[in-house]
Structure formats: structure tokens, C-alpha cells
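# mind folding the following:
(2 chains)
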Amino acid sequence: MNINSKNKFTRTKLNFRCSVKVVFIFIMALTFTSCTTNLKSKVAGNLNQFSKQQTVAILPVEIIKKDQKETARMLRQGLYAHLKESKFNILERYVVDGLLKQHDLNNPADFLKINPMRFAEILGADAVLITRVNRIERSYLVVHSSIEVGVSAQLVDTRTGEILWRAEQTEQDYQGLAKIPTGISSAILGPIQFVTNKLNLRRITSKLVTKLTAIVKNPEKAEKKETFEKPIIVTSTTRDLDKIKSVNKLETKWVEDSAAYTEIPHSTKTQKKLPNEPASIGKKLSPKTEEKTPKHINWVPRKTGAQAIEKSNILTKAQNTVPGQTSTLSKPLQYTIQVGAFKTEANANQMVSNLLEKGYRAHVQPEIKNGISLFKVHFDAFGSKKKALKLAEKFTAEENLSSFITITNSN
Amino acid sequence: MFFLKSYVSKKFKFAAALVLAALIGAGCGKVKVAVHHEEGDNWDYPESVAILPFSYETAVEENKTSTSILRESFFNYFSYLGYNDIPLTTVDLKLEPLIKTGVSANDISNEELKKALGVDAIIQGHVINSTNLTYGIYAETSIEAELKMTDLRTGELLWDTTHTELNTSSIVTPSLIDMIEDQAANSMASAAYHRIAESFSLKVLAKIPDPASLRYDKIKLPHIESVEANLKGNSKLKPNDLIYVTMKGESALVGHFDIGSFKTGILMKEVSPGLYTGSYRIKEGDLIDGALIITTLSNKKGLAAKKFYKKALAIKKTQKLSQKE
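Next comes the predicted model:
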């Protein structure tokens, strides 16, 4: 063998080795990229504090199209199985579904709009997992077919509304020429079999759930880039907490304002009992005669409710004796419910707008006494005191705000 | 030309047959679960179920690994159905005194099991055979097992099944890449058994009667009537202040309260029937600002009711304010 042929042989050998390496790298690259995953997942730092005793409810999965029903079921079943391995206590599915049904919450599309605090009271859960199947796409192009499943998930703390985990994932797999078919028939039949076999969708969903839940099962392993920079609270909770805060603020303000003018007491010694009025009601509604008189105000005590009623009664009787005469005093008594009295009109208006939002027919009743303005918040008007009382009691129970009955037709 | 056509046709038929064989071999076998009781609205379904430790054919060494994996996987997926499943660790703990005497879980009488576990039904499993082979161009993982569910209240066999779940990968796999992937995946025995156990469980569970829909209307959470706390709107809390919470509700249950999600599970004491009280003293550094008080009342079935105290939020006094005062 001469030198030239020896060199040629060595070159061929090197080329062959190089080709084998390239093919190997190509196959390995294809192997690792054949099934693609696009996962965006972030957890809150508080997820670590979520202890073992805390209960998570996995809510029914939202679907966009009817044909996603089966995948939604598989996804939820997979979530149950995988999160059983987490440190949470998973609320049984039949309990979740049964309680949701009892509260007419049958549409998973509404779950994101509901304040998680409501879920806490309905389900008794510390957190809820809200999921959605975003898309299921099957494509077939003779020698290539693919299946793509996209889902999103959100775990929310029902006590604070904080998002503990948020993820969006797309899992895709395909069959076709790029996977190097083992024969001509495999090249043609493979893609058909892949796209029509239900097992492949199940396999992809199963893979998806495994990857999706990995971070929730071990939140302590989450890297910095997988953790929220600051706590994120869902809008519905922020809105409701703001409402509670503003009601608290108004209530405090009202207590301060009311204290400056008069105390709304529960009993009195000097108060005369109204005719046909139960003793307990009389006690509850009649204002105290001992009033606080702030030194900076030129104070003239206002009429007590019962005194006003008595006087009005007398006047009405007197007016009725004069036939044909019309006056506001001759009109039958109108009772209303007072829920606040403010020195500043803005505070009264704010309370009115809050009450209007809740469906109460509230309005501001301004009054000037000795040159000092007082803005009372009233709602509704009744011919019967009994009716007014009933609603006032209901209002106090539902809204946690004090209220009392007063007369509205005095000018 | 005719020869070529005939050759292609023969090759095509052969390949089609191979693909079909691969499909069958890839674990497409259907599960047959024999249900021995009548389903329907009048079904007196068992509420609580314990999955006993599965037994296995000791002659097959592989069975030892696959048995525990199958039991765990079956338990995880079983929780989706409308039964109250007892955690496996609890079952094992309760059975420990009985098994210690040298008896296998399957040999314990129904009466003894009922007494020890306090459940309505049990699921027993026996792994007959399991394989995990990887031979370069051929890979196989399989589990063959029999499962049955018995009603301990009546001794009645509710359902039983014997199923083989098989997953193979060979030259008949449609693509080279899939073949390499399958071979690599199959070589990790534990993961391969997990996958096959999952597939086994899903198929069997799809055929098991599920009483979930029969239970929907019967679920009743404990009743909480009212919650009170010593918090007032806008009142500021400082270290050493005491948050005092009272809850009125069903008697003889377990009560606790949370301050947002910062401080959870603060136990409440039932001071008189249906009246629960608890307290928490604020510490320096407690993150309670803007948190709501939430009370929880739990019963023995593990159901819990929650109620928020919405009259006020816990608001912490800022450093400046506390210094001023």
C-alpha cells in the first residue's frame, strides 16, 4: 500500500467517523426535541409556608370547546393523583363538586371572577386550584401529524387572595419524517395512528401534568426566576378588601362624628314608652338623654326620636281637627332608617354610594343646627314602623353597621 | 412492474400488520372489571375505603418493586372517585399489630379488618407478574395483577379484575427516534413501572363504580353561626396586644382561627357547648397588616367550614406611630 492510498484510507475513515458522530448528534438532538414543552411557572414565597394541614380544592377544569371535556377530566384526575404526593391535604372531588352544585356554581368559566374568600366559605378550603384547557390541536399532513395540549393553572390562597402558583404550559408531540420512520409504511401509517389513537392524547396530558405539578410538589426547590418578586393578590379580593376597609373607615368616622353630637344608646331611664310598642324595641331605639356636648360647638341638644314621634303625633291629631287644611304635619308619619351622621358631606356621600351599590335606596339628609351642618344617611321610607324596624334589624345583621329608626317627614 | 406492485403491496401489508401488533403490544388491551352489585340511586355504597398492602408472587423478583408502585399509583388515582380513601400510611399503621404476628394482609379476616381499620370497604391487590426488559432493539415493561373490592359491612365482593398492562417498544415502532426514546425511558426501571402502574390504574378506575354523584346532596359542612373578635375598624395593633376571637357554631367539633395566611391553625377551646374561643398575642415582626380573621370548624369526617370576621382587618401600628405614643 503506497502513501497516497494510505492517506486516502485514513481520510475516508475519518470522514466515516465524522459522519457517524453527526448522525448520532442529529438523532440525539431529535430525541430530546421530539416532544416539546413550553412551561411558564411561578410560585409565591408563601407557598413554602403552606403547611400539611392546609386544604386545597381542585376545582372543575374550564374548557373552551366541547371536545375538550375528556382532556379536562384527564387533567383534573392527573392533578388529583400528582398533588396527592404534595404536602397539601387535597379536598375530595365529590365534596368539591357537591358543594359547588349546592351553591349553583356549575360553570368553571366563572371561577376566576369569584372572590376566593367566597370559595373559603363554600368549600372550607385554604386554597383553590383553578385550571383551564386552553387548546387541544391535532394536525395531520400525510407524512406528519402532531398533537398539542395547552393548559393554565392558578393556585389561590382563599384567606388572602394571594396567587401561590401560576403556570401556563403547552405540551406537543408529533410523528412524521423528522422522527426517521422505520419504513415507508411507518412513514404513512405512523402519523395516522399517532393522531387518531386516544392513548397518545392521554400520554401527552399525563406528561404535561407531571411537569406542571413538579414545582408545587417541591416549592422549596423553586429558583429565584421561578418565584414572584412580590405578592400578587387577585383583583376580586383586593376590591372586596378595599370595600371592607372603606366601610371600617366610614364606621370609625361615623362613630367619631356621632359621638361628637349624640350617642346612639340602647336604653334610657327618662324615655317614655311609645304606645303599642314592645318594651325591648323601645329600649333599643330610644336615644339616651345624657348627651355628650363638645365644648367647641355651640351645642343645643337635638330632639330625641321618641320625643319627635310623640310631638308629631300630637300635632297630627291637632291638625286633623281642622278640616281641609293640608300640611306636611298632617301627612301620615314616614319612618326611615338612619345609618350614619357626618360632619363632612363627602363622608356621607361615600357611605351613600356604598349603600347604593349594594342595592339600598340611600340618600343624604342635610341638617343645619345652630349653624353647624350635619349630614345624615337615610335609606328607604315606611308607613309602618314595624316594617322599618324589621329591615333595620336585617340591615344591621347583614352589613354589620348600626342603624336606628327615625322620622323622615319633618321639615 | 407487476412484481414491484406485488412487492410493495406485500411490504405494505406486512408493515401494517407490524404496526397493528405494535399497537396491541403497546398496552391497548382492554380492562374487564366484573361488578357484582347493582348500581343506581339505591346503591348502598361504602363511604370509606382502605387500600390494603398488595401481595405478590414471590417467585418473580421484579414483583417486589412493582407491587408498592402499583399500590401507591392506584391510591393516588383512586382519590378521584367518590369514596373517602384512608391514607396508605394510616392503613399500614393500623394493620401493623395484625401483620406483626406473621399474617399477610390478605389473610386477615373481614371482621378483624373492620375492627382495625374502621372502614366500610377494602381493596386488595395481588401482583402476579411484572417485567422490565431492555434489549437494545426491544423493550418491555408490564404488570399483571388482580384487584378486588370487598364490602366489610356485608362481606360482599363488590368488583374484581385481573389485568395485564403491557408497554413494548421494538423495531415495529413507527420511528427510530421513538424507539430510542422508549429504550432509554424503559432502562430506568422505577420510572417505567410508575408509568405502567399509572396506565394500569387509570384503565381499571375507569370501570369501577363511582358513587360521587350520589353523594353530592348529602355533603354538609359544619355550621358556624357567628364570629366575633376584639378588633374594631381602623384600630391599630402593636406587639403584645391580644387578638381575641370567639366563634359560635356546632358543638363538640374542633375549632381554630387564622390571621390571614401568616398565622394559621390557632386552636380554639370550646368553653361551653358550641362556643369556641381563642387568642393570639401579637409579636414583634408579625406580618398581620391588612389580614382578616378566619375561623374554621372541622368535624371528624375531615370536612371544615370557614367564616371570616369582616368587621375589621388586623392593622399593625407603624413604628412612627408607636414611637409617638
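# mind listing what's buried along stretch A:397-411?
Buried residues in stretch A:397-411, counted by 16 or more other CB atoms under 10 Å in any protein chain shown: A:399-408. To be clear about C-beta, it is placed using only N, CA and C from the backbone, and glycine gets the same treatment.
# same check, this time on stretch A:339-349
Neighbour-count burial for stretch A:339-349 flags A:339-343, A:347-348 (criterion: 16+ other CB under 10 Å).
# give me the contact list for it.
Contacts with stretch A:339-349, where a contact means CB atoms under 8 Å, 6 or more residues apart in numbering or on different chains, come from A:250, A:253-254, A:257-258, A:260-261, A:351, A:355, A:362, A:364, A:366, A:372-379, A:395, A:401-403.
# which stretches of the chain have low pLDDT?
Let's take chain A. Scanning chain A for pLDDT under 70 picks out A:1-10, A:12-14, A:16-35, A:49-52, A:255-332, A:370, A:409-411.
# can you look at chain B instead?
Along chain B, the parts satisfying pLDDT under 70 run over B:1-29, B:101-102, B:172-173, B:233-235, B:315-325.
# and the helices in it, which stretches?
Under the criterion DSSP state H, chain B contains helices at B:2-25, B:63-78, B:88-99, B:110-117, B:176-186, B:189-205, B:212-215, B:319-324.
# now swap in chain A and tell me
So, for chain A - with DSSP H - the helices run A:3-33, A:69-83, A:93-102, A:116-123, A:184-196, A:198-217, A:235-261, A:279-285, A:305-320, A:345-357, A:385-399.
# does anything pack onto the last one? Which helices or strands?
Okay, so that is helix A:385-399. Contacts defined by 3 or more CB pairs under 8 Å, 6 or more residues apart in numbering or on different chains; DSSP states H and E place helix A:385-399 against strand A:335-342, strand A:372-382, strand A:404-407.
# ok, now with 6 Å
Other helices and strands packing on helix A:385-399, by 3 or more CB pairs under 6 Å, 6 or more residues apart in numbering or on different chains; DSSP states H and E, are strand A:335-342, strand A:404-407.
# run me through the strand neighbours of the first one, direction for each.
Looking back up the chat, that one is strand A:335-342. Applying DSSP bridges, strand A:335-342 is found paired with strand A:372-382 (antiparallel), strand A:404-407 (antiparallel).
# got CSV for those strands, with distance to B:Leu242 too?
Converted to CSV, the strands paired with strand A:335-342 look like this (distance: least, CB to CB, whole Å):
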stretch, distance to B:Leu242
strand A:372-382, 34
strand A:404-407, 32
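# stretch B:239-250 near chain A at all?
No. Interface with chain A: stretch B:239-250 contributes nothing (CB under 6 Å from any CB of the partner chain), its closest point being 12.3 Å away.
# in that stretch, what's buried?
B:241, B:243, B:245-250.
# now stretch B:271-285
For stretch B:271-285, the neighbour count (16+ other CB under 10 Å) marks B:274-278, B:280, B:282 as buried.
# at the contact with chain B, which residues of chain A appear?
So chain A meets chain B at A:30-31, A:34, A:77, A:80-81, A:84, A:93-95, A:98-99, A:101, A:120-121, A:124, A:157, A:159-160, A:179-181, A:183, A:185-186, A:189-190, A:244, A:248-249, A:251-252, A:400 (CB under 6 Å from any CB).
# buried among those residues? Need that as a selection in PyMOL.
A single PyMOL command selects the buried members of the residues of chain A next to chain B (16+ other CB under 10 Å):
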select buried, chain A and resi 30+31+34+77+80+81+84+93+94+95+98+99+120+121+124+157+159+160+179+180+181+183+185+186+189+190+244+248+251+400
